[in-house]
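Student: please find the sequence and the predicted model below.
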Amino acid sequence: MAGQQPTQVKLQHSVKVPQFYKTAANIAKRASEEHHSLKDLVFNANKHLNIQGLYALIIKTFHHEDTLERLIQKSKILKDRKADPWLIKILITELLFGKKSLSGDSKPVQAVLSHHDMFLAELKESEKAGTLKLDSYKERDSRPRYVRVNTLSLKVRAAMKMFSNEDWKQVCYDRKSEDYSSFLNRVTSLARDEFIQDLHIKELFIFPNKTEFYRHPLYIGGSIILQDKASCLASWLLKPSPGSITLDMCAAPGMKTTHLACLMKNKGTLYAVDSVRGRYETLCKQVEKHGATCVKTLCMDAFQLEAKHCPGVEYILVDPTCSGSGAVEQPIVKNREKFNASRLQSLTRLQSKLLRHALTRFPDVKRIVYSTCSLNIEENEMVVEDVLASVNTDASDPIFEVVDNKLKCKWIHHGSEDFEWGPRCIYTKPDIDLTNGFFIAVIDRVRSDEKNISRNEDEKEEQKHKKRKQLKESKI
Ligand SMILES: C[S@@+](CC[C@H](N)C(=O)[O-])C[C@H]1O[C@@H](n2cnc3c(N)ncnc32)[C@H](O)[C@@H]1O
(Lines give C-alpha, C1' and ligand atoms only; values in the text may rest on other atoms or scores of the structure.)
Protein backbone atom coordinates (compact mmCIF):
# COMPACT_ATOMS: atom_id res chain seq x y z
CA MET A 1 0.00 0.00 0.00
CA ALA A 2 2.72 2.37 1.06
CA GLY A 3 4.37 1.93 -2.33
CA GLN A 4 1.27 3.33 -4.09
CA GLN A 5 1.30 6.67 -2.29
CA PRO A 6 3.88 8.51 -4.44
CA THR A 7 1.81 7.70 -7.58
CA GLN A 8 -1.30 9.24 -6.00
CA VAL A 9 0.61 12.35 -4.97
CA LYS A 10 2.04 12.67 -8.50
CA LEU A 11 -1.48 12.63 -9.94
CA GLN A 12 -2.53 15.55 -7.77
CA HIS A 13 0.70 17.53 -7.88
CA SER A 14 2.00 18.43 -11.29
CA VAL A 15 5.74 18.88 -11.78
CA LYS A 16 4.93 21.77 -14.08
CA VAL A 17 4.22 25.29 -12.88
CA PRO A 18 0.48 25.90 -13.50
CA GLN A 19 -0.16 27.82 -16.72
CA PHE A 20 -1.99 30.51 -14.73
CA TYR A 21 1.20 31.51 -12.87
CA LYS A 22 3.36 31.28 -15.99
CA THR A 23 0.99 33.60 -17.84
CA ALA A 24 0.83 35.99 -14.89
CA ALA A 25 4.65 36.14 -14.77
CA ASN A 26 4.94 36.71 -18.49
CA ILE A 27 2.36 39.52 -18.45
CA ALA A 28 3.88 41.20 -15.38
CA LYS A 29 7.28 41.11 -17.04
CA ARG A 30 6.05 42.64 -20.31
CA ALA A 31 3.96 45.30 -18.57
CA SER A 32 6.82 46.26 -16.33
CA GLU A 33 9.82 46.05 -18.64
CA GLU A 34 8.43 46.75 -22.08
CA HIS A 35 5.60 48.94 -20.91
CA HIS A 36 2.80 47.19 -22.72
CA SER A 37 -0.62 48.10 -21.38
CA LEU A 38 -1.38 45.74 -18.48
CA LYS A 39 -5.10 45.66 -19.28
CA ASP A 40 -4.45 44.87 -22.95
CA LEU A 41 -2.10 42.04 -22.06
CA VAL A 42 -4.53 40.50 -19.58
CA PHE A 43 -7.48 40.80 -21.96
CA ASN A 44 -5.50 39.15 -24.72
CA ALA A 45 -4.40 36.26 -22.49
CA ASN A 46 -5.71 32.75 -23.00
CA LYS A 47 -9.43 33.07 -22.41
CA HIS A 48 -9.58 29.73 -20.61
CA LEU A 49 -7.81 31.37 -17.70
CA ASN A 50 -9.61 33.29 -14.97
CA ILE A 51 -8.98 36.78 -16.36
CA GLN A 52 -10.18 38.67 -13.27
CA GLY A 53 -8.05 36.49 -10.98
CA LEU A 54 -5.07 36.94 -13.28
CA TYR A 55 -5.40 40.72 -13.24
CA ALA A 56 -5.84 40.78 -9.44
CA LEU A 57 -2.74 38.62 -8.85
CA ILE A 58 -0.56 40.79 -11.11
CA ILE A 59 -1.83 44.01 -9.51
CA LYS A 60 -1.05 42.50 -6.08
CA THR A 61 2.45 41.62 -7.26
CA PHE A 62 3.03 45.21 -8.38
CA HIS A 63 1.61 46.48 -5.08
CA HIS A 64 4.18 44.48 -3.16
CA GLU A 65 7.06 44.76 -5.58
CA ASP A 66 9.46 46.52 -3.21
CA THR A 67 8.79 43.95 -0.50
CA LEU A 68 9.14 41.05 -2.94
CA GLU A 69 12.50 42.27 -4.17
CA ARG A 70 13.73 42.51 -0.60
CA LEU A 71 12.54 38.99 0.22
CA ILE A 72 14.14 37.58 -2.92
CA GLN A 73 17.42 39.26 -2.10
CA LYS A 74 17.45 38.18 1.56
CA SER A 75 16.45 34.59 0.83
CA LYS A 76 18.91 34.29 -2.11
CA ILE A 77 16.19 32.20 -3.73
CA LEU A 78 17.35 33.11 -7.22
CA LYS A 79 20.99 32.35 -6.56
CA ASP A 80 22.20 29.27 -8.45
CA ARG A 81 18.74 28.90 -9.93
CA LYS A 82 17.63 29.61 -13.47
CA ALA A 83 14.10 30.52 -12.39
CA ASP A 84 12.35 33.51 -13.91
CA PRO A 85 12.38 36.33 -11.29
CA TRP A 86 8.85 37.36 -12.27
CA LEU A 87 7.57 33.83 -11.76
CA ILE A 88 9.14 33.78 -8.30
CA LYS A 89 7.53 37.16 -7.49
CA ILE A 90 4.13 35.91 -8.63
CA LEU A 91 4.45 32.72 -6.57
CA ILE A 92 5.56 34.58 -3.43
CA THR A 93 2.66 37.00 -3.87
CA GLU A 94 0.20 34.12 -4.07
CA LEU A 95 1.73 32.50 -1.00
CA LEU A 96 1.94 35.61 1.20
CA PHE A 97 -0.73 38.00 -0.03
CA GLY A 98 -3.08 35.91 -2.19
CA LYS A 99 -4.51 32.43 -1.64
CA LYS A 100 -1.81 31.84 1.01
CA SER A 101 -1.01 28.43 -0.42
CA LEU A 102 0.75 26.91 -3.42
CA SER A 103 0.36 23.46 -4.85
CA GLY A 104 2.45 21.30 -7.14
CA ASP A 105 5.86 19.73 -7.20
CA SER A 106 7.48 22.05 -9.69
CA LYS A 107 10.91 23.35 -8.76
CA PRO A 108 9.93 27.06 -8.51
CA VAL A 109 6.90 26.23 -6.31
CA GLN A 110 8.99 24.00 -4.05
CA ALA A 111 11.73 26.64 -3.83
CA VAL A 112 9.24 29.31 -2.75
CA LEU A 113 7.56 26.96 -0.27
CA SER A 114 10.92 26.07 1.28
CA HIS A 115 11.37 29.74 2.20
CA HIS A 116 7.86 30.24 3.55
CA ASP A 117 8.83 30.48 7.23
CA MET A 118 11.70 32.82 6.47
CA PHE A 119 9.40 35.11 4.42
CA LEU A 120 6.82 35.25 7.23
CA ALA A 121 9.48 35.98 9.84
CA GLU A 122 10.94 38.72 7.69
CA LEU A 123 7.54 40.35 7.17
CA LYS A 124 6.80 40.19 10.91
CA GLU A 125 10.13 41.71 11.79
CA SER A 126 9.82 44.62 9.39
CA GLU A 127 6.31 45.24 10.67
CA LYS A 128 7.55 45.29 14.30
CA ALA A 129 10.43 47.59 13.46
CA GLY A 130 8.06 49.85 11.52
CA THR A 131 10.23 49.42 8.45
CA LEU A 132 7.65 47.60 6.37
CA LYS A 133 7.89 50.00 3.51
CA LEU A 134 4.68 50.89 1.75
CA ASP A 135 5.08 50.16 -1.92
CA SER A 136 5.39 53.17 -4.13
CA TYR A 137 2.88 51.50 -6.45
CA LYS A 138 0.24 51.24 -3.75
CA GLU A 139 0.85 54.78 -2.58
CA ARG A 140 0.21 56.04 -6.08
CA ASP A 141 -3.30 54.69 -6.26
CA SER A 142 -5.09 56.97 -3.88
CA ARG A 143 -7.85 57.66 -6.37
CA PRO A 144 -11.38 57.66 -5.09
CA ARG A 145 -13.87 55.11 -6.41
CA TYR A 146 -15.79 56.44 -9.41
CA VAL A 147 -19.27 55.06 -10.03
CA ARG A 148 -21.07 56.00 -13.23
CA VAL A 149 -24.82 55.56 -13.20
CA ASN A 150 -26.06 53.73 -16.28
CA THR A 151 -28.82 56.21 -17.07
CA LEU A 152 -30.30 53.75 -19.56
CA SER A 153 -31.60 51.72 -16.65
CA LEU A 154 -31.47 54.01 -13.59
CA LYS A 155 -32.12 57.72 -13.13
CA VAL A 156 -29.44 59.77 -11.37
CA ARG A 157 -31.89 60.87 -8.64
CA ALA A 158 -33.06 57.31 -8.07
CA ALA A 159 -29.44 56.16 -7.72
CA MET A 160 -28.77 58.89 -5.12
CA LYS A 161 -31.78 57.74 -3.16
CA MET A 162 -30.71 54.10 -3.30
CA PHE A 163 -27.25 54.90 -1.95
CA SER A 164 -28.73 57.11 0.77
CA ASN A 165 -30.99 54.21 1.77
CA GLU A 166 -27.84 52.14 2.21
CA ASP A 167 -26.63 54.72 4.75
CA TRP A 168 -24.25 56.52 2.45
CA LYS A 169 -24.28 60.25 3.20
CA GLN A 170 -24.24 62.53 0.20
CA VAL A 171 -21.96 65.57 0.43
CA CYS A 172 -24.00 68.45 -1.00
CA TYR A 173 -22.69 71.56 -2.71
CA ASP A 174 -23.83 74.00 -5.36
CA ARG A 175 -22.60 72.51 -8.66
CA LYS A 176 -23.12 75.80 -10.48
CA SER A 177 -21.01 78.03 -8.24
CA GLU A 178 -18.40 75.55 -6.95
CA ASP A 179 -14.87 76.02 -8.28
CA TYR A 180 -12.81 72.99 -9.25
CA SER A 181 -10.15 73.30 -6.52
CA SER A 182 -12.69 73.46 -3.69
CA PHE A 183 -14.45 70.48 -5.24
CA LEU A 184 -11.22 68.47 -5.26
CA ASN A 185 -10.74 69.34 -1.59
CA ARG A 186 -14.17 67.95 -0.84
CA VAL A 187 -13.30 64.73 -2.68
CA THR A 188 -10.01 64.27 -0.83
CA SER A 189 -11.71 64.71 2.51
CA LEU A 190 -14.61 62.29 1.92
CA ALA A 191 -15.33 60.28 5.07
CA ARG A 192 -15.64 56.47 4.77
CA ASP A 193 -19.47 56.73 4.67
CA GLU A 194 -19.75 59.70 2.29
CA PHE A 195 -20.14 60.12 -1.46
CA ILE A 196 -20.40 63.14 -3.72
CA GLN A 197 -21.82 63.86 -7.17
CA ASP A 198 -19.13 64.87 -9.67
CA LEU A 199 -18.77 68.55 -10.49
CA HIS A 200 -18.74 68.03 -14.26
CA ILE A 201 -20.49 64.75 -15.04
CA LYS A 202 -23.76 64.58 -13.20
CA GLU A 203 -24.20 60.83 -13.70
CA LEU A 204 -20.88 60.17 -11.97
CA PHE A 205 -20.65 59.63 -8.19
CA ILE A 206 -17.46 59.57 -6.17
CA PHE A 207 -16.92 57.28 -3.19
CA PRO A 208 -13.89 56.83 -0.91
CA ASN A 209 -10.78 55.07 -2.19
CA LYS A 210 -11.18 51.29 -2.68
CA THR A 211 -14.89 51.16 -1.82
CA GLU A 212 -15.96 47.65 -2.83
CA PHE A 213 -18.74 47.54 -5.42
CA TYR A 214 -18.09 44.33 -7.32
CA ARG A 215 -20.71 42.46 -5.28
CA HIS A 216 -23.21 45.33 -5.23
CA PRO A 217 -26.57 44.39 -6.84
CA LEU A 218 -26.55 47.61 -8.92
CA TYR A 219 -23.14 46.63 -10.34
CA ILE A 220 -24.13 43.03 -10.96
CA GLY A 221 -27.35 44.16 -12.64
CA GLY A 222 -25.57 46.68 -14.88
CA SER A 223 -27.12 49.84 -13.38
CA ILE A 224 -23.76 51.20 -12.28
CA ILE A 225 -20.37 51.03 -13.98
CA LEU A 226 -17.03 51.46 -12.25
CA GLN A 227 -15.26 53.87 -14.58
CA ASP A 228 -12.55 56.38 -13.81
CA LYS A 229 -13.59 60.01 -14.31
CA ALA A 230 -10.85 60.65 -16.89
CA SER A 231 -12.26 57.92 -19.10
CA CYS A 232 -15.81 59.31 -18.73
CA LEU A 233 -14.63 62.76 -19.82
CA ALA A 234 -13.81 61.60 -23.35
CA SER A 235 -17.39 60.58 -24.19
CA TRP A 236 -18.80 63.49 -22.18
CA LEU A 237 -16.76 65.98 -24.23
CA LEU A 238 -17.82 64.38 -27.50
CA LYS A 239 -21.44 64.61 -26.31
CA PRO A 240 -23.27 63.22 -29.31
CA SER A 241 -26.86 64.40 -29.34
CA PRO A 242 -29.70 61.88 -28.99
CA GLY A 243 -30.72 60.70 -32.45
CA SER A 244 -27.28 61.34 -33.95
CA ILE A 245 -24.98 58.89 -35.74
CA THR A 246 -21.80 58.22 -33.82
CA LEU A 247 -18.75 56.01 -34.32
CA ASP A 248 -16.60 54.62 -31.52
CA MET A 249 -13.57 53.56 -33.53
CA CYS A 250 -11.59 51.66 -30.87
CA ALA A 251 -14.40 50.55 -28.65
CA ALA A 252 -13.50 47.47 -26.60
CA PRO A 253 -14.06 46.71 -23.77
CA GLY A 254 -16.85 49.27 -24.16
CA MET A 255 -16.64 51.60 -21.17
CA LYS A 256 -16.96 54.69 -23.34
CA THR A 257 -19.39 53.00 -25.74
CA THR A 258 -21.96 52.44 -23.00
CA HIS A 259 -21.44 56.01 -21.77
CA LEU A 260 -21.98 57.35 -25.31
CA ALA A 261 -25.19 55.31 -25.54
CA CYS A 262 -26.37 56.96 -22.29
CA LEU A 263 -25.57 60.43 -23.65
CA MET A 264 -27.49 59.56 -26.82
CA LYS A 265 -30.37 58.29 -24.67
CA ASN A 266 -30.29 55.13 -26.81
CA LYS A 267 -31.60 57.18 -29.77
CA GLY A 268 -29.82 57.21 -33.13
CA THR A 269 -27.05 54.78 -34.06
CA LEU A 270 -23.75 54.20 -32.33
CA TYR A 271 -21.30 52.06 -34.32
CA ALA A 272 -18.78 50.41 -31.99
CA VAL A 273 -15.74 48.89 -33.70
CA ASP A 274 -12.84 46.80 -32.45
CA SER A 275 -10.44 44.62 -34.35
CA VAL A 276 -9.37 42.16 -31.64
CA ARG A 277 -11.80 39.25 -31.46
CA GLY A 278 -11.49 38.56 -27.70
CA ARG A 279 -11.90 42.22 -26.83
CA TYR A 280 -14.76 42.56 -29.32
CA GLU A 281 -16.61 39.75 -27.52
CA THR A 282 -16.24 41.60 -24.22
CA LEU A 283 -17.56 44.74 -25.92
CA CYS A 284 -20.67 42.86 -27.11
CA LYS A 285 -21.27 41.53 -23.59
CA GLN A 286 -20.95 45.01 -22.07
CA VAL A 287 -23.32 46.49 -24.63
CA GLU A 288 -25.90 43.80 -23.92
CA LYS A 289 -25.50 43.88 -20.14
CA HIS A 290 -26.05 47.65 -20.04
CA GLY A 291 -29.03 47.72 -22.41
CA ALA A 292 -27.29 49.92 -24.98
CA THR A 293 -29.73 49.10 -27.77
CA CYS A 294 -28.60 51.91 -30.10
CA VAL A 295 -25.20 50.23 -30.51
CA LYS A 296 -24.23 48.28 -33.63
CA THR A 297 -21.02 46.38 -32.96
CA LEU A 298 -18.54 45.60 -35.74
CA CYS A 299 -15.53 43.34 -35.38
CA MET A 300 -13.19 44.79 -37.97
CA ASP A 301 -10.03 46.77 -38.48
CA ALA A 302 -10.94 50.45 -38.28
CA PHE A 303 -8.73 51.07 -41.31
CA GLN A 304 -11.13 49.01 -43.43
CA LEU A 305 -14.03 51.08 -42.18
CA GLU A 306 -15.56 53.44 -44.72
CA ALA A 307 -18.58 55.70 -44.79
CA LYS A 308 -20.58 52.90 -46.45
CA HIS A 309 -20.27 50.75 -43.27
CA CYS A 310 -21.62 53.53 -41.06
CA PRO A 311 -23.35 56.08 -43.28
CA GLY A 312 -23.87 59.62 -42.04
CA VAL A 313 -21.45 59.49 -39.09
CA GLU A 314 -21.41 62.88 -37.33
CA TYR A 315 -19.40 62.19 -34.17
CA ILE A 316 -16.31 60.01 -33.80
CA LEU A 317 -14.42 58.90 -30.74
CA VAL A 318 -10.81 57.84 -31.39
CA ASP A 319 -9.48 56.21 -28.23
CA PRO A 320 -6.62 54.09 -29.60
CA THR A 321 -4.20 51.68 -28.02
CA CYS A 322 -1.55 53.70 -26.19
CA SER A 323 1.36 53.25 -23.80
CA GLY A 324 -0.99 53.61 -20.82
CA SER A 325 1.65 55.78 -19.16
CA GLY A 326 -1.08 57.78 -17.40
CA ALA A 327 -2.87 54.75 -15.97
CA VAL A 328 -2.30 54.56 -12.24
CA GLU A 329 -2.57 50.77 -12.21
CA GLN A 330 0.17 50.54 -14.83
CA PRO A 331 3.57 49.68 -13.31
CA ILE A 332 6.34 52.26 -13.53
CA VAL A 333 8.49 51.66 -16.62
CA LYS A 334 11.80 50.26 -15.54
CA ASN A 335 13.47 50.28 -18.91
CA ARG A 336 12.30 53.58 -20.34
CA GLU A 337 14.99 53.81 -22.99
CA LYS A 338 14.14 50.43 -24.43
CA PHE A 339 10.47 51.35 -24.39
CA ASN A 340 11.05 54.72 -26.02
CA ALA A 341 13.11 53.30 -28.80
CA SER A 342 10.90 50.41 -29.77
CA ARG A 343 7.27 50.80 -28.86
CA LEU A 344 6.54 54.49 -28.82
CA GLN A 345 7.22 54.85 -32.51
CA SER A 346 4.88 52.09 -33.56
CA LEU A 347 2.19 53.37 -31.20
CA THR A 348 2.31 56.92 -32.49
CA ARG A 349 2.20 55.64 -36.05
CA LEU A 350 -0.96 53.68 -35.28
CA GLN A 351 -2.53 56.59 -33.40
CA SER A 352 -1.85 59.08 -36.21
CA LYS A 353 -3.17 56.68 -38.81
CA LEU A 354 -6.40 56.11 -36.87
CA LEU A 355 -7.00 59.81 -36.26
CA ARG A 356 -6.27 60.65 -39.89
CA HIS A 357 -8.70 57.93 -40.98
CA ALA A 358 -11.40 59.46 -38.75
CA LEU A 359 -10.84 62.92 -40.18
CA THR A 360 -10.70 61.98 -43.83
CA ARG A 361 -13.04 59.06 -44.43
CA PHE A 362 -16.35 60.27 -43.06
CA PRO A 363 -17.65 63.29 -44.97
CA ASP A 364 -20.47 64.07 -42.52
CA VAL A 365 -18.34 64.08 -39.39
CA LYS A 366 -18.55 67.33 -37.46
CA ARG A 367 -16.78 66.50 -34.19
CA ILE A 368 -14.00 64.08 -33.25
CA VAL A 369 -12.59 63.42 -29.80
CA TYR A 370 -9.06 62.03 -29.65
CA SER A 371 -8.09 60.59 -26.26
CA THR A 372 -5.34 58.47 -24.73
CA CYS A 373 -4.51 57.34 -21.22
CA SER A 374 -0.94 58.44 -21.85
CA LEU A 375 0.91 61.47 -20.58
CA ASN A 376 3.49 61.38 -23.40
CA ILE A 377 3.40 64.42 -25.65
CA GLU A 378 4.44 62.14 -28.54
CA GLU A 379 1.18 60.21 -28.30
CA ASN A 380 -0.93 63.30 -27.73
CA GLU A 381 -0.19 66.82 -29.00
CA MET A 382 2.34 65.53 -31.53
CA VAL A 383 -0.16 63.09 -33.04
CA VAL A 384 -2.83 65.79 -33.30
CA GLU A 385 -0.34 68.25 -34.82
CA ASP A 386 0.91 65.73 -37.34
CA VAL A 387 -2.59 64.75 -38.48
CA LEU A 388 -3.99 68.29 -38.62
CA ALA A 389 -1.00 69.41 -40.67
CA SER A 390 -1.60 66.68 -43.23
CA VAL A 391 -5.37 67.18 -43.40
CA ASN A 392 -5.47 70.98 -43.35
CA THR A 393 -3.56 71.46 -46.57
CA ASP A 394 -4.35 75.20 -46.58
CA ALA A 395 -3.16 76.32 -43.14
CA SER A 396 -4.87 79.70 -43.43
CA ASP A 397 -8.23 78.06 -44.11
CA PRO A 398 -8.31 74.85 -42.06
CA ILE A 399 -10.91 72.12 -42.38
CA PHE A 400 -10.51 70.84 -38.81
CA GLU A 401 -9.52 72.68 -35.65
CA VAL A 402 -8.92 71.80 -32.02
CA VAL A 403 -11.62 73.71 -30.18
CA ASP A 404 -12.19 74.86 -26.63
CA ASN A 405 -14.15 72.44 -24.53
CA LYS A 406 -16.75 72.72 -21.84
CA LEU A 407 -14.10 72.41 -19.13
CA LYS A 408 -12.40 75.64 -20.10
CA CYS A 409 -12.70 77.53 -16.81
CA LYS A 410 -13.13 74.57 -14.52
CA TRP A 411 -9.95 72.66 -15.28
CA ILE A 412 -6.32 72.91 -14.20
CA HIS A 413 -4.05 71.16 -16.71
CA HIS A 414 -4.22 71.83 -20.41
CA GLY A 415 -2.12 70.79 -23.40
CA SER A 416 1.32 72.17 -24.15
CA GLU A 417 1.64 75.85 -25.06
CA ASP A 418 4.21 74.82 -27.66
CA PHE A 419 1.21 74.23 -29.88
CA GLU A 420 -1.01 77.15 -30.68
CA TRP A 421 -4.12 75.08 -29.92
CA GLY A 422 -2.49 73.11 -27.02
CA PRO A 423 -4.21 75.05 -24.21
CA ARG A 424 -7.58 74.03 -25.67
CA CYS A 425 -6.89 70.36 -24.85
CA ILE A 426 -7.06 68.88 -21.40
CA TYR A 427 -4.81 66.64 -19.36
CA THR A 428 -6.02 64.84 -16.27
CA LYS A 429 -3.24 64.27 -13.74
CA PRO A 430 -3.45 61.57 -11.07
CA ASP A 431 -1.99 63.69 -8.26
CA ILE A 432 -4.19 66.72 -9.00
CA ASP A 433 -7.42 65.46 -10.54
CA LEU A 434 -7.45 62.19 -8.55
CA THR A 435 -8.00 60.21 -11.76
CA ASN A 436 -5.89 58.27 -14.22
CA GLY A 437 -3.67 60.42 -16.43
CA PHE A 438 -5.47 61.20 -19.69
CA PHE A 439 -5.23 63.49 -22.71
CA ILE A 440 -8.30 64.71 -24.59
CA ALA A 441 -8.53 66.89 -27.69
CA VAL A 442 -11.87 67.97 -29.17
CA ILE A 443 -11.58 68.54 -32.91
CA ASP A 444 -14.36 70.23 -34.90
CA ARG A 445 -14.93 70.50 -38.62
CA VAL A 446 -14.86 74.20 -39.37
CA ARG A 447 -15.43 73.96 -43.12
CA SER A 448 -16.34 71.29 -45.58
CA ASP A 449 -13.67 69.47 -47.48
CA GLU A 450 -14.68 69.94 -51.10
CA LYS A 451 -12.07 67.54 -52.40
CA ASN A 452 -13.26 64.84 -50.04
CA ILE A 453 -16.89 65.51 -50.80
CA SER A 454 -16.33 65.37 -54.53
CA ARG A 455 -14.33 62.16 -54.07
CA ASN A 456 -17.21 60.71 -52.11
CA GLU A 457 -19.66 61.85 -54.75
CA ASP A 458 -17.45 60.15 -57.33
CA GLU A 459 -17.41 56.99 -55.23
CA LYS A 460 -21.22 57.06 -54.98
CA GLU A 461 -21.53 57.52 -58.75
CA GLU A 462 -19.12 54.68 -59.33
CA GLN A 463 -21.12 52.41 -57.04
CA LYS A 464 -24.39 53.31 -58.78
CA HIS A 465 -22.76 52.53 -62.11
CA LYS A 466 -21.54 49.16 -60.83
CA LYS A 467 -25.02 48.29 -59.55
CA ARG A 468 -26.64 49.26 -62.85
CA LYS A 469 -24.10 47.09 -64.68
CA GLN A 470 -24.72 44.12 -62.36
CA LEU A 471 -28.47 44.49 -62.81
CA LYS A 472 -28.11 44.56 -66.59
CA GLU A 473 -25.87 41.49 -66.54
CA SER A 474 -28.26 39.56 -64.30
CA LYS A 475 -31.15 40.34 -66.72
CA ILE A 476 -29.14 39.06 -69.68
C1 LIG B 1 -7.59 52.01 -25.25
S2 LIG B 1 -8.47 50.69 -25.85
C3 LIG B 1 -10.08 51.35 -26.02
C4 LIG B 1 -10.84 51.47 -24.71
C5 LIG B 1 -12.31 51.74 -24.94
N6 LIG B 1 -12.53 52.95 -25.71
C7 LIG B 1 -13.06 51.85 -23.63
O8 LIG B 1 -13.29 52.95 -23.15
O9 LIG B 1 -13.44 50.81 -23.08
C10 LIG B 1 -7.97 50.62 -27.51
C11 LIG B 1 -8.72 49.60 -28.37
O12 LIG B 1 -8.39 49.85 -29.73
C13 LIG B 1 -8.45 48.62 -30.42
N14 LIG B 1 -7.75 48.80 -31.71
C15 LIG B 1 -6.44 49.01 -31.92
N16 LIG B 1 -6.19 49.12 -33.24
C17 LIG B 1 -7.37 49.00 -33.86
C18 LIG B 1 -7.77 49.02 -35.23
N19 LIG B 1 -6.89 49.19 -36.22
N20 LIG B 1 -9.07 48.86 -35.52
C21 LIG B 1 -9.99 48.68 -34.54
N22 LIG B 1 -9.66 48.63 -33.23
C23 LIG B 1 -8.38 48.79 -32.90
C24 LIG B 1 -7.79 47.66 -29.46
O25 LIG B 1 -8.16 46.34 -29.74
C26 LIG B 1 -8.33 48.16 -28.12
O27 LIG B 1 -9.45 47.42 -27.74
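Tutor: Arrived safely.

Student: give me the sheet partners of the longest strand anywhere in the chain and which way each runs.
Tutor: Of all the segments of type strand in the chain, defined by DSSP state E, the longest one is strand 438-445. The sheet places strand 438-445 alongside strand 367-372 (antiparallel), strand 400-402 (antiparallel), strand 426-428 (antiparallel), with pairing taken from DSSP bridges.

Student: list the buried ones in it?
Tutor: Neighbour-count burial for strand 438-445, with 16 or more other Cβ atoms under 10 Å as criterion, is recorded at Phe438, Phe439, Ile440, Ala441, Val442, Ile443, Arg445. No exception for glycine: its C-beta is placed from N, CA and C like everyone else's.

Student: do the same with stretch 69-78
Tutor: Across stretch 69-78, burial judged by 16+ other Cβ under 10 Å covers Arg70, Leu71, Ile72, Ser75, Ile77.

Student: and the longest strand of the chain, anywhere near the ligand?
Tutor: No. For strand 438-445 and the ligand, the contact criterion (Cβ under 6 Å from any ligand atom) is not met; the two come no nearer than 10.7 Å.

Student: domain parsing for the chain?
Tutor: The record's domain parsing of the chain by the TED database lists 19-126, 145-226, 229-456.

Student: which of the ones you listed is buried the deepest?
Tutor: For those, ranked by mean neighbour count under the definition mean count of other Cβ atoms under 10 Å, the leader is domain 229-456 at a mean of 19.

Student: can you map out the helices along the stretch 1-150 of the chain?
Tutor: Using DSSP state H, counting those that start in this stretch, the helices of the stretch 1-150 of the chain run over residues 5-12, 19-29, 38-43, 51-63, 65-75, 85-96, 107-114, 116-129, 136-140.

Student: what does the stretch 151-300 of the chain give?
Tutor: The residue ranges that make up the helices of the stretch 151-300 of the chain, judged by DSSP H, counting those that start in this stretch, are 156-165, 180-188, 217-220, 229-238, 255-263, 277-289.

Student: please convert those to JSON lines, extending it with distance to the ligand.
Tutor: Putting the helices of the stretch 151-300 of the chain into JSON lines (distance: least, Cβ to the nearest ligand atom, whole Å) gives the following:
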{"stretch": "helix 156-165", "distance to the ligand": "21"}
{"stretch": "helix 180-188", "distance to the ligand": "22"}
{"stretch": "helix 217-220", "distance to the ligand": "16"}
{"stretch": "helix 229-238", "distance to the ligand": "6"}
{"stretch": "helix 255-263", "distance to the ligand": "4"}
{"stretch": "helix 277-289", "distance to the ligand": "4"}
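
Student: including mean pLDDT, could those go into TSV?
Tutor: Rendered in TSV, the data for the helices of the stretch 151-300 of the chain read as follows (pLDDT from 0 to 100):
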stretch	mean pLDDT
helix 156-165	97
helix 180-188	94
helix 217-220	94
helix 229-238	97
helix 255-263	98
helix 277-289	93
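
Student: make TSV from the ones you listed and add distance to His64 to it.
Tutor: As requested, those are exported to TSV (distance: least, Cβ to Cβ, whole Å):
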stretch	distance to His64
helix 156-165	32
helix 180-188	25
helix 217-220	27
helix 229-238	26
helix 255-263	28
helix 277-289	28
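
Student: tell me which of the ones you listed lies nearest to Lys99.
Tutor: Lys99 sits nearest to helix 217-220 of all the helices of the stretch 151-300 of the chain, at 23.7 Å, using Cβ to Cβ.
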